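Colleague: I need the structure of the sequence given here:
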Amino acid sequence: MLPEVEAWLRSRTSSSADWPLPRLLEARGDTTVSVVLPARDEGETVGEIVTAIRRELMEAVPLVDELVVIDSRSTDDTARRAAAAGARVVAQDEVLPDLEPLDGKGEALWKSLAVTSGDLLVFIDADLREFRTSFVTGLLGPLLADPGVVYVKGCYDRPLAGTQGAGGRVTELVARPLLNLHWPRLAGFVQPLAGEYAGRRSVLEQVPFVTGYGVELGLLVDLLELCGLDALAQVDLGRRIHSHQSVEALGGMAAQILQTSWSRLERQGKMVPLHTPATALTQFRREPAGHRVTVRDVAVAERPPMIAVSGYGARPRI
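Modeller: As a prediction, this is how the structure comes out:
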C-alpha cells in the first residue's frame, strides 16, 4: 500500500459512533441536507427506511431537511409506500423530461441533483434491511466537521447466507483489483462499490454520472482526479443487510464496471485503446435440455456534469 494511502486510512477513516447527533447538530450551522433513496421495486423495505429517517432525523431533531425517493419505474407499490411513510416521491422519467430517458441506478442518482436542494446529499439504497439512521449520521459526520472533505463512502460488513464478509463478490473479484491496478490511491476504500455515500452538491454537480452499475466506481475515480485523495473519506457503518443478486446479475454488474473503468483509463490517458470494447455479454443458463445462451447489452451510458445542464439552476429550493 502506498504511504499516502496508509496516512489517509488513519486520518480519513472513522466510525458512525464517532458522529453523535449533538455533535452534528452543533456543526451543521445553516448547511442544508437532502437524503435520497433511489428505488426500483423495493416496496418491502423502502417504507421502513423512510419512516426511520423522518422520525429520528427530521421530527425528533432538525438534521435532515429533505427526504426524496426517486422511483425508477417500479412495478410494485414502492412509490405508494414511500409516500405514505413521508417521503417526497419523484418519478425518474419525469425529471428533465426533455432528455432521452436512460436506464440504471446512476440515472436516478444524477437526476436527484435536479429535484433536491440540500448543500449536502446523502444517498441510501432502498433495499436495506435492519436499517439504522446511523447510516445517515455517519456519512454526514466528516462533511459537517471538516470543510475539506467533499465525499464520504460508507463501509461495512456484508454477510451472505449467514457467512460474515462473504458479500461484496463484485467488489472483491472486479472492483478492488481494478482500483489497485490503475488507481492505487483508492486502494484504502473498504467498500468502493458501497451504495451508501454522501457528498457536497458543489462537487457532485461537477462530475459525470455513469447511468448503470458503474456509477460508484466512476464517482470515486472522477472525484479523486477532481479533488484529490484527502478530500475523500470513509465511515464504518457496521453491518449492511440487503437482498443479494444472482451470479448472472452480478456478471452484468461486473461488465458495466469494466466498461466504466475502460472509459476512465482512456479519458485520463492511462492507456492507448487499440479497439472499441464489445458491449454484448454472453452468459449461459443450465436447463433440462442443456445450456441456454443469453446475450444482453451491457453498454454504459453517461450523463454530463449536472452543472452544465440547461435549467439546473432553477431547481426547487428548501
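Colleague: and residue 102, backbone torsions?
Modeller: phi -120, psi 170 (degrees, to the nearest 10).
Colleague: ok, it touching residue 300?
Modeller: No. Between residue 102 and residue 300 there is no contact under Cβ atoms under 8 Å: 10.3 Å. From N, CA and C alone the C-beta is placed, and that goes for glycine too.
Colleague: Mind jotting down where the helices sit in the stretch 1-150 of the chain?
Modeller: 3-12, 21-28, 46-54, 78-85, 105-115, 134-145 (DSSP state H, counting those that start in this stretch).
Colleague: which one of the ones you listed lies closest to residue 308?
Modeller: helix 105-115 (11.7 Å; Cβ to Cβ).
Colleague: Now do that closest one: which elements does it pack against?
Modeller: Helices and strands touching helix 105-115, by 3 or more Cβ pairs under 8 Å, 6 or more residues apart in numbering; DSSP states H and E, are strand 33-39, strand 66-71, strand 88-91, strand 120-123, strand 209-210, helix 215-227, strand 302-303.
Colleague: can you redo these as TSV with mean neighbour count?
Modeller: Shown next, in TSV, are these (neighbours: other Cβ atoms under 10 Å):
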stretch	mean neighbour count
strand 33-39	27
strand 66-71	25
strand 88-91	18
strand 120-123	26
strand 209-210	28
helix 215-227	22
strand 302-303	20
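Colleague: Identify whichever of those lies nearest to residue 98.
Modeller: Closest approach to residue 98 among these is made by strand 302-303 (13.5 Å; Cβ to Cβ).
Colleague: The closest one - what's its average pLDDT?
Modeller: The average pLDDT within strand 302-303 is 97.
Colleague: next one: stretch 188-201
Modeller: In this model, stretch 188-201 has an average pLDDT of 96.
Colleague: Can you get me the start-to-end distance on it?
Modeller: 24 Å (Cα to Cα, to the nearest Å).
Colleague: before we move on, back to that, mind checking which of the helices and strands packed on helix 105-115 is nearest residue 202?
Modeller: Nearest of these (Cβ to Cβ): strand 120-123, 9.8 Å.
Colleague: hey, C-alpha coordinates of stretch 24-39 in CSV?
Modeller: C-alpha atoms of stretch 24-39 as CSV (Å, rounded to 0.1, in the frame of the first residue of the first chain):
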residue,chain,number,x,y,z
LEU,A,24,-23.7,17.0,14.1
LEU,A,25,-26.3,19.5,15.1
GLU,A,26,-23.7,21.8,16.6
ALA,A,27,-21.5,21.6,13.5
ARG,A,28,-24.4,21.9,11.0
GLY,A,29,-25.0,25.7,11.2
ASP,A,30,-27.0,26.7,8.2
THR,A,31,-26.0,23.8,6.0
THR,A,32,-28.9,22.0,4.4
VAL,A,33,-29.2,18.2,4.0
SER,A,34,-31.1,16.1,1.4
VAL,A,35,-31.4,12.4,1.7
VAL,A,36,-32.1,10.5,-1.5
LEU,A,37,-33.2,6.9,-1.9
PRO,A,38,-33.0,5.5,-5.5
ALA,A,39,-35.7,2.8,-5.6
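Colleague: Doesn't residue 295 lie inside a strand?
Modeller: Yes. Residue 295 forms part of a strand when assessed by DSSP: H, G, I helix; E, B strand; the rest coil.
Colleague: tell me the contacts of residue 42?
Modeller: 74, 76, 78, 126-127 (Cβ atoms under 8 Å, 6 or more residues apart in numbering).
Colleague: of those, buried ones?
Modeller: The neighbour count (16 or more other Cβ atoms under 10 Å) marks 74, 78, 126-127 as buried among those.
Colleague: Which of those sits closest to residue 186?
Modeller: residue 127 (25.1 Å).
Colleague: how close does the closest one get to residue 240?
Modeller: Computed with Cβ to Cβ, to the nearest Å, the distance linking residue 127 and residue 240 is 10 Å.
Colleague: Thanks a lot, catch you later.
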